[in-house]
Each structure stands twice: as structure tokens, then as C-alpha cells.
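next input, structure requested:
(chains A and B)
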Amino acid sequence: MPKGRIKIEPITNSAARNQTFRKRKKGLLKKANELSTLCGVKVCAVINSCDNTEPPEFWPSKEGAEAVHSAFMGVLPEERCKRMYDQERHLEERIHKGQDRAMRLHTDNREIELREVMFDLLRGKTLMPHQYGDPSFMRDLNLFIGDYANKVTYRTQFLEGNVEHVPPNVAVTDAPGPVVGDVTLFLSEPRAPGGFNDHVHHQEPFQYQTPTNFYDQTQPMFYGSSQGTEFESVSKFKPIVHEFLMGQPQQMSDVQEPARVASMGDNNNGYHQLLVTSQMPFTTTTTAAATDLYGHSINNGWPTRFGLD
Amino acid sequence: MMSKKKESMGRQRIPMVKIKKETHRQVTFSKRRAGLFKKASELCTLCGAEIGIIVYSPAKKPFSFGHPSVESVLDRYLSRNDLSLAQTKKPQGNTAGNCELNMLLTQTVSEVEEEKKKGQAMADVRKGNAARRLVTNWWEGPVDEMNVVQLKVMKCALEELRKIVVSETNTVPFKEVKEDVFGFLDTNKVTAPSYMNTSSGLSNAYHFGYGNGCF
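Presented below is the predicted three-dimensional model:
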């Protein structure tokens, strides 16, 4: 029977209108009855068709309705009006509620999207034109990363505040490689622009496998031909950060970090030499080798598996 | 019956008797009252009917809905006056304004649906990605589970990333974005999403301190 949702607008065809009127009137009164019974409250209703085809209908009955009405008129005018709705007020309320809900969902969706993008960037993927070409997206992304960094800072301060004097450099002196303090050295290693091509992992543009209309409506696909040249410059996004993250853990592997949080599991794994970073497969494969490559590097006392919810 | 308390029970048939539990009764009243008024509003718009409804809450507060207005309808039909008064001309409601509101409401409702769909699509994508990506990196996990060393590494990585994002933002030639950012100039979309008219935006959201421990 349901033929699909109809739009809420005046019905022009008078036969259809009368039929709808009769059906809906019946349903409305049924709902009024249920409300009255379930909640044990007084209810009354008057319904009159627009062209007076039938006499007005009263619920529960004319007398019953009149009784409720008199009681209603006995109430103070302010009390009556406080919760008195006409079409305008009713629709406005629903519109505001709907807009609030849409806004909340939008920001939630945005958060999730930004989070995914951030982690994908850290993994070494690149942005799509419709992302880096969208200033508001970039601005929001910037804010998101900053906010996340603040969380990290806050957590760091919290942990360091609880721990006895442990200068970070001292803790990792056993490590032969770059340490936390030398982070900048690692990053400032000169990299030729085309240097990434030396690496085995292949760069795949980061993209969502969503239906195309997913983005069509919210973000412009192209801003014009200038996008063609912009694309090259995006290579900056590539694995500087990714390499950094992949490279570092191996250096810390043999650190007996006293500051470790209790949730850290065993820190007894020996020092594992991570194979040359450049050969780390970009996209993880199902082979055991790849898993080991990651597995060992992460297993050095740090949790191997985090559920991303 | 209604004894299961552990999870949400979804839609259930309930017996047509007065609800015993007072909180339950109050909740039901709120929801059903809203639904009743919604149906009444639709009947008015679709069929141009005159309607007057009075409802008392469990707390004895009177709610009313009426079209063109509560008072005009109730006075005409329910006042204990003789029938001749009912012949008086019907007051005209603000039909044009209501039409606009109805359209705006339809638009808003569809926007909510859109956002929900987007959320769903994203959730599916994430699931797909998680399945493909067999190994999760340590830095994708909760911040609260990282040790100090990891945190510092993470911090530096994020700062580097941020610098890159900022520099990329600045190199893109600035265009008159404004509303165009959401493709409003696209012919398929006639108007901006209604919720964008409200002042709060994502940037504001960050002031509230996001991330309820979801990391």
C-alpha cells in the first residue's frame, strides 16, 4: 500500500484530498485516543474539513470535548498560551530541531572524516584535489591536527608530572640511533624531490571508496585547470611523516622506559633491527613477512593491536 | 513483555492501558504528543482542514494545537453558543508563510537524512579500510595508551604534518569560496543547507573540547 512518501503540501485533486482527509482524520483520532489511554490524560479534538463536506467531528464526543474546553478556558491565559501551537510555531520548532540535528551530525561526520584523513596522511597517503583545494577543509584539518597534538601534549605532561625525574635523553642513551631529542635531525635529512621514488612502496592517492555522490554535494571537485599543476606539490605530504613514524620505533626498542604506563605489556623483547625503512611495504600485505616487519617493530614492549573502535 | 531492561527494546507493541511507571508515562506523553501534533499539522497542510486539539500532560499542563488558531477553532465549535455563531467567517491563517515553512521543513528533514547517510557511508569505508589494513600502527591507537616516548614521537609527527598542511593551504590560490565550498553553485543544489545558516560551525566546535575519550 505505501506508494512512497508524499510531500506535505496542499492536495489539489479534490477527490484525493477528501480521501486523504478521511483516512488521516481517522488515524489522528485513533492516536488521540491512544495518547489519552496510555497516559491517562484528558484529550479533546475538533476536526472540520476544508469544504464542509461533513459536519465537524468531535472527540471523544461533543460533550466530552466541550468539557475539556471549558476546563481549558478556566486556566490562566498565560498558561494556555505557553504551550499553544499553531502551524507556524509548530513548524518552526520542528525546523529548528531538525537543523540542530543536521548540524550535529555534520560536525560528527566531519570529525570522523578528518581523523581518517589525518591518519591516512601519517600513513603516507596523499590528499585529493577536492581536499587540498578546499580551504575550509584544510583549515578544519589544521585545527583537528592541532587539537590532537594538544591531547598528546596534555597526556605527556600528565605522565611526566607523575614520574620521577627522568630526562628523556638519559632514558634512551643505550639506543645507538637517533633519539627523541634528535628528532629534528632525522627530519631534516635532505630529501631530493624525487627521492620518494626510490622507495619500494607505491604511492597511492588517498581516496575514499565511497559512492561518487558522497563528495559531490559537499565539496567542489575541481576549481579549474590550475589544479593540474597543484597536484605535484602535494608530494610534500608523502612519507616524511610516515617514514618518521615508522623509523623511530626501532630506535626505542631496547629502551627500558621507566616512564611506561602500566598498560604497556612486556618490555622484554630484545632489540629488533627494523629492516631498511624504504622497503617497508606501503600497503600492508597478507604475507607473513610483511606482518613480521610490522609486528616486530611494534612488539617491542608496545601494544601491538589497537582497536580503532 | 516489557521486563527486559538490558538493551534498547526497539519498537514493541504495548497494551492499550494506562502506563504504570510514571517516568515511562511522561516519556510516552512527550513523544506521542509531538507525533499527534505532527499528524495534525500534516492534515492541515494536505487537506486544508480546521483543527483544534487540547491535551493535558500527566503534570496537568495544557498543550494545544490549532489551525488556523486554537482559539478560533475551539470558540467556533465548542463554545456553548448557538449554532449561528458557527456561520461566522473562518479566519484566514498565514497560508503563504506556512507553505514556506513546510518547504523549509522538508528540506531540513532531507538534510538530516543526507548526513545520516554520509555517516553510514563513512562507517562502511572505515570498516573496509580496517579490514584491508591488517596491521594497525601504534600511533593510531588511543593517546592514553601511549608511553612518553611514543607521545613525543607522535607530537613531533603531528607538528610536522601540521606545518605541511598549513603550507599547502597557503599555496592554493585563494578563490572566492564562501558558499561555493559546499557546491551551492551546483545546479542540483538550489539552496545552502539550512543548518549552515546558524552561526556555529566546525571551528566553534573545537572550543568545546572534542573527543570524549574516543581516542
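
tell me which other helices or strands the longest helix that chain B contains touches.
Looking only at chain B and at elements set by DSSP state H, the helix with the highest residue count is helix B:95-132. Contact partners of helix B:95-132 among helices and strands, from 3 or more CB pairs under 8 Å, 6 or more residues apart in numbering or on different chains; DSSP states H and E: helix A:87-122. Every residue, glycine included, has its C-beta placed from N, CA and C.

circling back: so, in contact with chain A or not, the following helix or strand past the longest helix of chain B?
Stepping forward along the backbone from helix B:95-132, the first helix or strand reached (DSSP states H and E) is helix B:148-171. Yes - using CB under 8 Å from any CB of the partner chain, a contact is recorded between helix B:148-171 and chain A, made by B:148-162, B:164-169, B:171.

can you say which of the residues you listed are buried?
In those, burial by neighbour count holds for B:148-162, B:164-165, B:168-169, counting by 16 or more other CB atoms under 10 Å in any protein chain shown.

on that earlier part again, could you check the angle helix A:87-122 makes with the longest helix of chain B?
20 degrees (axes from the mean of the first three to the mean of the last three CA atoms, to 10 degrees).

what pLDDT, on average, does helix B:95-132 get?
With pLDDT averaged residue by residue, helix B:95-132 scores 84.

what does stretch A:65-74 contact?
A:42-46, A:58-59, A:80, B:54, B:56, B:62, B:64, B:74, B:78-80 (CB atoms under 8 Å, 6 or more residues apart in numbering or on different chains).

buried residues in it?
Judged by neighbour count using 16+ other CB under 10 Å, the buried positions of stretch A:65-74 are A:Ala65, A:Glu66, A:Val68, A:His69, A:Phe72.

for the record, mean pLDDT for that stretch?
For stretch A:65-74, the per-residue pLDDT values average out at 91.

now swap in stretch A:35-45 and tell me
Mean pLDDT, stretch A:35-45: 94.

quick revisit: report the buried residues of the longest helix of chain B.
For helix B:95-132, the neighbour count (16+ other CB under 10 Å) marks B:98, B:101-102, B:104-109, B:111-112, B:114-115, B:118-119, B:121-122, B:125-126 as buried.

where does pLDDT dip in chain B?
Low-confidence regions of chain B, defined here as pLDDT under 70, cover residues B:1-8, B:80-94, B:132-136, B:170-215.

and the residue of it that's closest to chain A?
B:Gly141 (2.8 Å; CB to the nearest CB).

what distance do you get for that residue to B:Gln150?
When distance is defined by CB to CB, to the nearest Å, B:Gly141 is 9 Å away from B:Gln150.

what is the neighbour count of A:Gly64?
A:Gly64 is flanked by 14 other residues according to other CB atoms under 10 Å in any protein chain shown.

now do the same for A:Gln256: its pLDDT.
A:Gln256 is assigned 39 on the pLDDT scale.

same thing with the one 4 residues further on?
Predicted confidence (pLDDT) for A:Arg260: 37.

now flag whichever of the buried residues of stretch A:65-74 is closest to A:Leu29.
Among the buried residues of stretch A:65-74, A:Ala65 lies closest to A:Leu29 (CB to CB), at 11.4 Å.

separation between A:Met128 and chain B?
Taking CB to the nearest CB, to the nearest Å as the measure, A:Met128 and chain B are separated by 12 Å.

phi first, then psi, for that residue.
With angles defined as degrees, to the nearest 10, A:Met128 shows backbone torsions of phi -90, psi 160.

go on, B:Gln12?
Note on B:Gln12: backbone dihedrals following degrees, to the nearest 10 are phi -130, psi 150.

also B:Tyr56?
Main-chain dihedrals, B:Tyr56, degrees, to the nearest 10: phi -100, psi 140.

do the one 10 residues further on as well
Geometry field for B:Gly66 lists phi and psi as phi -160, psi 150, criterion degrees, to the nearest 10.

burial count for it?
Counted with other CB under 10 Å, the neighbours of B:Gly66 add up to 24.

check the one 4 residues further on too.
Summarising burial for B:Val70: neighbours were counted as other CB under 10 Å, giving 22.

who are the contact partners of it?
In this structure, B:Val70 makes contact with A:Met84, A:Tyr85, A:Asp86, B:Gly52, B:Ile54, B:Ser64, judged by CB under 8 Å, 6+ apart.

leaving out chain neighbours, which residue sits closest to the first one?
The one in question is A:Met84. Of all residues not flanking A:Met84 in the chain, B:Ser64 sits nearest, at 4.8 Å (CB to CB, 6 or more residues apart in numbering or on different chains).

now do the fourth one
The spatial neighbour of B:Gly52 that comes closest, neighbours along the chain excluded (CB to CB, 6+ apart), is B:Val73 at 3.5 Å.

name the element that neighbour belongs to?
When secondary structure is defined by DSSP H and E, B:Val73 falls within helix B:70-78.

might one say that A:Lys7 is in contact with B:Leu105?
No - A:Lys7 sits out of contact with B:Leu105 when judged by CB atoms under 8 Å, with a separation of 10.8 Å.

and A:Glu63, that one's in a helix?
Yes - using DSSP: H, G, I helix; E, B strand; the rest coil, the assignment for A:Glu63 is a helix.

tally of neighbours for it?
The number of residues packed around A:Glu63, counting by other CB under 10 Å, is 9.

before we move on, the earlier item: do you know how far the residue nearest to B:Gly52 is from A:Pro60?
Remark: distance between B:Val73 and A:Pro60 (CB to CB) = 17 Å.

do the same with B:Pro58
Using CB to CB, one obtains 18 Å as the distance from B:Pro58 to A:Pro60.

go on, A:Glu34?
13 Å.

distance between the ends of stretch A:124-132?
End-to-end distance of stretch A:124-132: 15 Å, with CA to CA, to the nearest Å as the criterion.
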